[in-house]
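Asker: What shape does this take:
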Amino acid sequence: MRIQHCSMIIAVTLSLQAQTISSFDVLNIGIGGAAAAVGQTAAADTGSAEGVFYNPATLGSLEGDLALLGSFNPYLGMALWSGAVAWRIPGVMTLAASGFGLVFTEPIIGDILYSGDTGRALPSGDYVFSGHAAFPLGSYLKLPFLLDAGVSVRYAMETLDDVSISGIMADAGLVIAFTNLAEKHSIAIGAYGRNLGVGLTSGIILPSAVTAGLKYHGKIGKAFGVKAMFDANIFFNDAPKFDLGAEFDIFNVAFIRSGYMFGYDARGFTIGAGARIAIDTMKFRFDYSFVPLGDLGMHHALELTVMFGSGAPAPVVNDGRAQFEQGEAFLREARYRDAADSFASISPNSPYYKAALEKLAVAESQLAAQDRSKVTAKATPAKSDEDIYIEAISYAKAKDYRKAIELWKRIQPGSELYERAQANIQKAIERSAQE
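Answerer: Have a look, this model is predicted:
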């Protein structure tokens with residue numbers, strides 16, 4: 001273990017001093033208990049609290065304000081840590097701050113001046129601090145699908161022995177999600193540039209990349225859900241790498257995760273699990289990931305996330321406009337049953353939902369009136385077609401076109417007045433629309 005540890009320290013020191021090797025490799029280590037377990041496929045995972053470590057646009061649809069704590073086991077004398085807080089202004093933006101890093105848990109002996117010198121313990125580690133902002137553009141524009149954008153700005157510092165480097169970087173991304181495509185299925189697409197910036201120390205190369213991802217989410221009955229995700233990573237100074245991930249949930253309470261990372265020197269399969277508990281408006285998540293890191297051993301991560309409050313409902317692909325307009329047309333034609341069915345089919349997420357409820361009440365009141373009229377009609381002698389026709393004309397003159405249309409519709413085919421009644425119905429509908 002000591003020999004491996006010393007070898008790794010020497011390698012890292014050389015990388016700090018070399019002019020052609022990327023620095024801040026800690027930025028490519030999987031952070032987070034959930035994303036790390038699915039092979040870091042996080043570019044299109046909407047509403048993800050771990051957007052503070054990956055695509056910042058995914059913070060735009062959080063379920064509430066959050067506090068996130070991560071603890072990572074020591075391996076080869078090192079340990080990872082992480083934490084984040086976020087504050088959501090519903091419909092406006094999400095603001096967040098986060099930090100993570102890698103520290104040596106065993107003393108690093110350096111500054112050896114001569115043979116036999118025991119040297120002295122020197123501070124060593126990586127420290128990354130970030131600020132984030134995400135914006136629900138789909139909500140601003142009242143789009144029938146989710147569209148979020150986000151940006152992160154970070155400062156990173158790396159220290160080993162008497163060598164220190166630092167840099168300022170930024171991430172920027174977008175995510176688009178189409179929900180309820182067919183029953184309980186959705187598709188999301190996300191992309192972001194990461195670690196884009198400048199080194200504050202000469203001779204370092206940042207691990208900059210562009211990542212694009214795709215996510216499918218579906219429900220299997222009421223009990224089960226599944227996610228399938230894919231990310232492609234195009235590094236500016238390295239070969240492309242690809243990630244696959246999957247998540248299976250039971251009642252959105254228990255989660256099982258797995259992934260595979262292609263093109264990495266020391267990583268392949270990843271696995272993990274999680275649990276979610278909701279108490280009133282608070283939601284607790286416990287996530288665990290297990291990531292093999294080759295000669296560096298096994299990377300175990302345990303993360304606790306706490307959400308406060310509730311998020312805005314996701315937009316639907318069909319915004320309800322067509323059903324609303326159809327329902328209004330049915331109302332004008334006195335087809336109240338069809339109108340009620342049209343208004344009732346509009347989703348609560350639709351911008352027409354409140355207006356549809358009001359129109360639905362009108363349609364149902366007319367249906368109730370029709371039912372009362374039928375009961376009354378049974379108790380009274382039937383009127384002749386001529387009496388009905390004359391009564392309808394009197395209602396039309398009083399501009400009560402709805403009642404006039406109802407009466408003319410009672411004149412059946414075969415009656416001498418049928419054609420005249422149909423012509424008057426059409427005129428009444430036109431006049432009703434004009435007024």
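Asker: give me the low-pLDDT residue ranges for the stretch 151-300 of the chain?
Answerer: For the stretch 151-300 of the chain, the stretches flagged by pLDDT under 70 are 161-162, 180-183, 294-297.
Asker: all strands of it, in order?
Answerer: For the stretch 151-300 of the chain, applying DSSP state E, counting those that start in this stretch gives strands covering 163-178, 185-199, 209-220, 224-235, 241-250, 254-262, 269-279, 282-292, 298-308.
Asker: Any figure for the gap between the closest residue in space to Ala334 that isn't next to it in sequence and Gly327?
Answerer: Among residues not flanking Ala334 along the chain, Ile405 sits closest, at 5.3 Å (Cβ to Cβ, 6 or more residues apart in numbering). The way it works is simple: take the backbone N, C-alpha and C, and place the C-beta from them, glycine included. Using Cβ to Cβ, to the nearest Å, one gets 17 Å for the distance from Ile405 to Gly327.
Asker: For Trp87, the count of nearby residues, please.
Answerer: Trp87 has 14 neighbours, counted by other Cβ atoms under 10 Å.
Asker: Could you report the distance from it to Ala44?
Answerer: Taking Cβ to Cβ, one finds Trp87 at 24 Å from Ala44.
Asker: The helix ranked longest in the chain: how far from the chain's middle?
Answerer: Criterion DSSP state H: the longest helix present in the chain is helix 353-379. On the basis of Cα atoms, centre = their mean, to the nearest Å, helix 353-379 sits 40 Å off its chain's mean C-alpha point.
Asker: Quick one: list the elements packing against it.
Answerer: helix 321-332, helix 336-344, helix 401-409 (3 or more Cβ pairs under 8 Å, 6 or more residues apart in numbering; DSSP states H and E).
Asker: now the longest one, how far from the centre of its chain.
Answerer: Spelled out, that is helix 321-332. 31 Å.
Asker: can you redo the helices and strands packed on helix 353-379 as a markdown table with mean neighbour count and distance to Asp148?
Answerer: Shown next, in a markdown table, are the helices and strands packed on helix 353-379 (neighbours: other Cβ atoms under 10 Å; distance: least, Cβ to Cβ, whole Å):
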| stretch | mean neighbour count | distance to Asp148 |
| --- | --- | --- |
| helix 321-332 | 17 | 23 |
| helix 336-344 | 20 | 30 |
| helix 401-409 | 21 | 46 |
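Asker: which stretch among those comes nearest Gly30?
Answerer: Closest of the helices and strands packed on helix 353-379 to Gly30 is helix 321-332, at 43.1 Å (criterion: Cβ to Cβ).
Asker: Look up phi and psi at the most centrally placed residue in the chain.
Answerer: The centroid of the chain falls nearest to Thr46 when counting by Cα atoms, centre = their mean (2.3 Å). Backbone torsions of Thr46, given as degrees, to the nearest 10, read phi -60, psi 140.
Asker: Tell me who's in contact with it.
Answerer: The contact partners of Thr46, by Cβ atoms under 8 Å, 6 or more residues apart in numbering, come to 58, 60-61, 146, 148, 175, 177, 188, 190, 215.
Asker: Rounded mean pLDDT for stretch 128-139, please.
Answerer: For stretch 128-139, the mean per-residue pLDDT is 93.
Asker: What residues sit buried inside that stretch?
Answerer: 128, 130, 132-139 (16 or more other Cβ atoms under 10 Å).
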